[in-house]
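Q: After the sequence you'll find the predicted model.
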Amino acid sequence: MPFSTIAGHRRIRALLSRAIARNTVPPALLFAGTRGIGKRRMAQAVAEALNCTEPLTTEAGIDACGACVACRRIGRGAHPDILVIEPGDSGSIKVEQVRDVIDRAAYRPFEGRKRVVIIDDADAMVDAAQSALLKTLEEPPSASVFILVSSMPDALLSTVRSRCPRLRFAPLSPAEVAEVLVRDHGYQEADARAVAADADGSLGQALEASSTDVTGARDAATQLLMRVARLADASGRIELAKALTGAKGSPGADRKELTACLRALASLLRDVGVLINRGDRELLAHADLESTLAGLAATWDGPRSVRAFGAVDRAIMALERNASPKVVADWLVLQL
Ligand SMILES: [Zn+2]
C-alpha cells in the first residue's frame, strides 16, 4: 500500500518518503506506538516505495504506485526480498527466526532494490534473538533495511534500541479513524464517527468494536446521562441500570454490551469536560452531538463530571476483572 493510503501520521509519511527519494533511509528503524494505529502498514509502505518499479514523485518525495508487480507481490506478502518476522504460537520470536533472516539478508536482493526486514512485535524477541540481531545492526548489510515494529519499545534491549532511530506514532484522531472506516470498511458516516469516538485512536480497536452495536451503546449512554442526573432515589436509578446490560440474556453478551456502553459514557463525559472548559471543539469525539453535549454540560458541572468519569473508569476495570455486569451497572448508576 502506498503512503498515500495510510490514515494519519502525515509527518512520518513525509519523512520516510523524503528519505527514500534521497536514498538516506537508515539501515534500521524502530516504529513505536500503541497497537492498531498503522505501524506495520507503514513498514509495508516503506518496502513498497523502496522496491516499486514505477514509483511516483510526490510533494514529499517518493511513493509506491501500488499497482506494479513488485507492489502487488509485497501487498500479498509474496515478494522474496521482503521478509517478515512475527511471534509464533509461543508468543515469542525465537533466535532461529532471526538467524534465518539474517542469513538471507547477507545476500543482495533477488529482485528488488532493497531487502526490507520487518520485525513485528519486535519486543517479543527473546534476548538471544535480540543479541543475534544486534550484531547485524552493528554492521548492517548495505542493501537491507530493518524495521522493528513495537507497541512496547522499552521492552527491547537498550543496545538494540540505541541502534534504531525511533519514529513515534501518535494515536489517530477520531476523524482519521472514521475516514478509514468509511473509505475501506463500508461504514456509514454516522456509525463510523460513533465507533471512532470510542477507539482511543486505534483503527484496530475500532474494527474490533464494530461487532458490537456502538451506535446503540452511545444512545444508551446519552440517555443515561440525561436521566440519571435528575433521579435522586436509588430504586429509580437501578431501574435505569437495566437498560445498560440489555436483555440479551447471556452473560457474555451482557458484558460486551455494558463494556461498549461504559466506553461511550467515558468519551461522552470527556467531551462534556471539553465543553465546560471551553476547550477546542476539534477535540470533541462526538462533534455530531454538540447540542446534546451542551445540554449535558449544564447538568454535569465540572466536579460532577470528573467524579463520574472516575466511576466509569472503575466500572470498566471491574468488568475486565470479570465482575458481574449486573452488579457493575447497579453500582455505577448509584455513583453518578
Ligand atoms: Zn509499484
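A: That came through, no problem. Owing to the predicted nature of the structure, the values given are computational and were not obtained by experimental measurement.

Q: can you list the domain ranges for the chain.
A: Domains of the chain are assigned by automatic domain parsing as 3-168, 212-335.

Q: Comparing the ones you listed, which yields the minimum mean pLDDT?
A: Lowest mean pLDDT of the domains of the chain: domain 212-335, a mean of 85.

Q: what sits against residue 200?
A: Contacts for residue 200 (Cβ atoms under 8 Å, 6 or more residues apart in numbering) come out as 34, 171. Any C-beta I mention is one placed from the backbone N, CA and C, and that applies to glycine too.

Q: so what's it scoring on pLDDT?
A: In this prediction, residue 200 carries a pLDDT score of 85.

Q: Mind checking what secondary structure it has?
A: Following DSSP: H, G, I helix; E, B strand; the rest coil, residue 200 is assigned to coil.

Q: quick revisit: okay if I get the domains of the chain as CSV plus distance to the ion?
A: CSV is the format used below for the domains of the chain (distance: least, Cβ to the ion, whole Å):
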stretch, distance to the ion
domain 3-168, 3
domain 212-335, 35
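
Q: Which element, helix or strand, includes residue 145?
A: Secondary structure assignment for residue 145, by DSSP states H and E: strand 144-150.

Q: Sheet-wise, list the partners of that strand with their directions.
A: Paired strands of strand 144-150, with direction, are strand 28-32 (parallel), strand 115-119 (parallel) (DSSP bridges).

Q: Kindly compare burial across those and name the winner.
A: Ranked by mean neighbour count under mean count of other Cβ atoms under 10 Å, those are led by strand 115-119, which reaches a mean of 26.

Q: Name the residues that touch that strand?
A: 40, 43-44, 46-47, 50-51, 81-86, 93, 98, 101, 104-105, 109, 125, 133, 141, 143-149.

Q: Just the C-alpha atoms of the helix or strand just after the strand holding residue 145, please, in CSV.
A: Using DSSP H and E, the helix or strand that follows strand 144-150 in sequence is helix 158-163. Output of helix 158-163 as CSV, limited to C-alpha atoms (Å, rounded to 0.1, in the frame of the first residue of the first chain):
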residue,chain,number,x,y,z
SER,A,158,18.8,-0.8,25.2
THR,A,159,21.6,-1.8,22.9
VAL,A,160,19.1,-2.7,20.2
ARG,A,161,17.1,0.5,20.8
SER,A,162,20.2,2.6,20.5
ARG,A,163,20.9,1.2,17.0
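
Q: Touching the helix or strand just after helix 158-163 from outside, list them.
A: Toward the C-terminus, helix 158-163 is succeeded by strand 166-168 as the next helix or strand (DSSP H and E). Residues from elsewhere that reach strand 166-168 (Cβ under 8 Å, 6+ apart): 12, 15, 16, 29, 30, 31, 32, 33, 153.

Q: Turn these into a markdown table, columns for distance to residue 209.
A: What follows is the contacts of strand 166-168, written out as a markdown table (distance: Cβ to Cβ, whole Å):
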| residue | distance to residue 209 |
| --- | --- |
| 12 | 25 |
| 15 | 31 |
| 16 | 29 |
| 29 | 30 |
| 30 | 28 |
| 31 | 24 |
| 32 | 24 |
| 33 | 19 |
| 153 | 26 |
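
Q: Please enumerate the strands of the stretch 51-200 of the chain.
A: Secondary structure of the stretch 51-200 of the chain by DSSP state E, counting those that start in this stretch: the strands cover 56-57, 62-63, 82-85, 115-119, 144-150, 166-168.

Q: Tell me the neighbouring strands of the second one, and mark each as parallel or antiparallel.
A: Paired neighbours of strand 62-63 in the sheet (DSSP bridges): strand 56-57 (antiparallel).

Q: So what's the gap between the strand it pairs with and the chain middle?
A: Relative to its chain's centre, strand 56-57 lies at 28 Å (Cα atoms, centre = their mean, to the nearest Å).

Q: neighbouring contacts of that strand?
A: Here strand 56-57 makes contact (Cβ under 8 Å, 6+ apart) with 2, 21, 62, 63, 64, 65.

Q: Buried residues, the strand holding residue 145. List them.
A: Neighbour counts over strand 144-150 (16 or more other Cβ atoms under 10 Å) mark 144, 145, 146, 147, 148, 149, 150 as buried.

Q: Name the next helix or strand following the strand or helix carrying residue 317 along the chain.
A: Residue 317 belongs to helix 302-320 when assigned by DSSP H and E. Next along the chain after helix 302-320, taking DSSP H and E as the criterion, comes helix 325-335.

Q: So which elements touch that following helix?
A: Where contact means 3 or more Cβ pairs under 8 Å, 6 or more residues apart in numbering; DSSP states H and E, helix 325-335 is packed against helix 234-245, helix 251-276, helix 302-320.

Q: Out of all residues in this structure, which is the farthest from the middle?
A: Distance from the C-alpha centroid of the chain peaks at residue 233, with 40.7 Å (Cα atoms, centre = their mean).

Q: For that one, give its distance to residue 239.
A: 10 Å (Cβ to Cβ, to the nearest Å).

Q: mind listing what's buried in stretch 328-336?
A: Residues 328, 329, 330, 332, 333, 336 are the ones in stretch 328-336 that count as buried (16+ other Cβ under 10 Å).

Q: Fine, thanks again, bye for now.
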